[in-house]
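*Asks:* Structure for this input, please:
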Amino acid sequence: MQTKIRTFIGETHIDFMSKDKLAIRMSLAVLVICLLSLLFRGLNLGLDFTGGTMIEAHYPAPVAIPTVRETLSTAGFGDAQSQYFGTSSDILLRIPLREGLAAGDISQKVLVALKQVAGGEQVELRRVEFVGPQVGQELVENGGLAMLFALIGIMAYVAFRFEWKLALGTIAATMHDVVFTIGVFSLFQIEFDLTVLAAVLAVTGYSVNDTVVVLDRIRENFRKMRRESVREIMNAAINQTLTRTIITAFTVFLSVVVLLIFGGPIMRGFSIAMLIGVVVGTYSSIYIASAGALQLDIKREDLLPRAKEALDNRP
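*Replies:* The predicted structure follows:
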C-alpha cells in the first residue's frame, strides 16, 4: 500500500526507502574514499592555521597572474600563492612562514618584486596580515575543539530527543555530512581556513535541523498510521516533509550560489562548503538517518511505550 501525499509539486508517493540499502552502500564507499584522502593527502590548510603573511596589492592596470608568479619565484617566493582578488588589477598573495624574516621585511621584498611586474609603476599594498606559527597552532586546536564540542552537544540533544534507533541514525547522518564535506576539500585540495570551518559547523546545524523535521514526522506517523508497515510510514513522512525540504534547500542553495559568484575569493571556501553541506545534508536526512533506523529494524513498539508494554504483558 502506497500512501499518497499532496504537496506544492503535486501528489507524491515516492518510494524513497526502496533504495535504502543501495544508498547506504554508496555512502559508505564515498566516506571510505574521503577518509583515505584525509589520511594520506590531508587538508590544504590556509594561513589561518599554518601561519604566514597575506598581502593584498593593487595595480594601476590589469596584470597577468603567471607573470606575478614568475617574478615572485625569481625573488625567492616560489611557494607563494597568488590569485585575483575581485578584479584583474587586484592581487591576493599568501606567503608561508619565513624563518628570520619579519612580516615587514617580507612585504617590502614582495613590493619590490611586484613593481617589476608593473614596469616601475606604483603598486599599492592595501593590506598586509601576518599570522605567527603559535597563533596558527592555537587556531587549529581551538577550531578542532569547537567542532568536537558542537558534535557532542548535537549528539546529546538527539539522544535525549529520540528513541535510540532514530538517534543513532541522526548521529550517523551528521557525521556523514561532516566527513563528506571535509573529505571533498581534501580530495580537491581546496584551501581550508577559518571560514570553511565555520561553514562546516553551520552544515552540522543545517543537517540536524533537516533530519529532526523528518524524524519528528516519522514518530508522529507511527501514532497515526496503524495499519501501514514501517517502510510505508517512513515513505509517507518523507513525502509529507518534501515541500519543506525542497523550499529550505533551494533557498539556502540559491543564497550560497550568489555568495559564491559575488562574494569574492575570501568567501569561496565558505560558499563551497555550504553548497556541499546543503546537498549532502538533504540527502542524509533521507538515506542515512531514516534508512539507518530502518536497517536497525525500528518497530512501532520502539516509539510507542504503551504498545510495547501491552506486548510484553500478553499472557
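*Asks:* alpha carbons only for contacts and neighbour counts from here, please
*Replies:* Noted.
*Asks:* In this structure, what residue spans correspond to strands?
*Replies:* 5-7, 10-12, 44-45, 52-58, 81-85, 87-96, 124-131, 191-192 (DSSP state E).
*Asks:* Can I get those in TSV including mean pLDDT and distance to residue 32?
*Replies:* Shown next, in TSV, are the strands of the chain (pLDDT from 0 to 100; distance: least, Cα to Cα, whole Å):
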stretch	mean pLDDT	distance to residue 32
strand 5-7	47	36
strand 10-12	58	34
strand 44-45	82	19
strand 52-58	81	33
strand 81-85	79	30
strand 87-96	81	31
strand 124-131	78	34
strand 191-192	86	20
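*Asks:* Tell me where the model's unsure across the stretch 151-300 of the chain.
*Replies:* Low-confidence segments of the stretch 151-300 of the chain (pLDDT under 70): none present.
*Asks:* repeat that for 90
*Replies:* 151-175, 178, 189-249, 252, 259-269, 281-282, 284-300 (pLDDT under 90).
*Asks:* all helices of it, in order?
*Replies:* With DSSP state H, counting those that start in this stretch, the ranges of helices along the stretch 151-300 of the chain come out as 164-187, 194-224, 230-240, 242-262, 268-284, 291-295, 300-303.
*Asks:* between those, which one is nearest to residue 144?
*Replies:* Of all the helices of the stretch 151-300 of the chain, the one in closest proximity to residue 144, counting by Cα to Cα, is helix 194-224 (8.9 Å).
*Asks:* and of the helices of the stretch 151-300 of the chain, who's closest to residue 148?
*Replies:* Smallest distance to residue 148 across those (Cα to Cα): 9.9 Å, for helix 194-224.
*Asks:* which strands and helices sit next to the closest one?
*Replies:* Secondary-structure packing of helix 194-224 (3 or more Cα pairs under 8 Å, 6 or more residues apart in numbering; DSSP states H and E): helix 133-161, helix 164-187, helix 230-240, helix 268-284, helix 300-303.
*Asks:* between these, which one is nearest to residue 91?
*Replies:* helix 268-284 (15.5 Å).
*Asks:* sorry, back to before: and of the helices and strands packed on helix 194-224, who's closest to residue 62?
*Replies:* Across these, residue 62 has its closest neighbour in helix 268-284 (21.8 Å, Cα to Cα).
*Asks:* that older thread, could you dump the helices of the stretch 151-300 of the chain to a markdown table with distance to residue 94 and mean neighbour count?
*Replies:* Below are these laid out as a markdown table (distance: least, Cα to Cα, whole Å; neighbours: other Cα atoms under 10 Å):
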| stretch | distance to residue 94 | mean neighbour count |
| --- | --- | --- |
| helix 164-187 | 18 | 23 |
| helix 194-224 | 15 | 19 |
| helix 230-240 | 46 | 23 |
| helix 242-262 | 20 | 15 |
| helix 268-284 | 15 | 23 |
| helix 291-295 | 43 | 21 |
| helix 300-303 | 54 | 17 |
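*Asks:* Redo the ones you listed as TSV? Include distance to residue 105.
*Replies:* Shown next, in TSV, are the helices of the stretch 151-300 of the chain (distance: least, Cα to Cα, whole Å):
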stretch	distance to residue 105
helix 164-187	32
helix 194-224	26
helix 230-240	60
helix 242-262	33
helix 268-284	29
helix 291-295	57
helix 300-303	66
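*Asks:* Among the ones you listed, which comes closest to residue 112?
*Replies:* Nearest to residue 112 among the helices of the stretch 151-300 of the chain is helix 268-284 (29.0 Å), distances taken as Cα to Cα.
*Asks:* Perfect, I'm done here.
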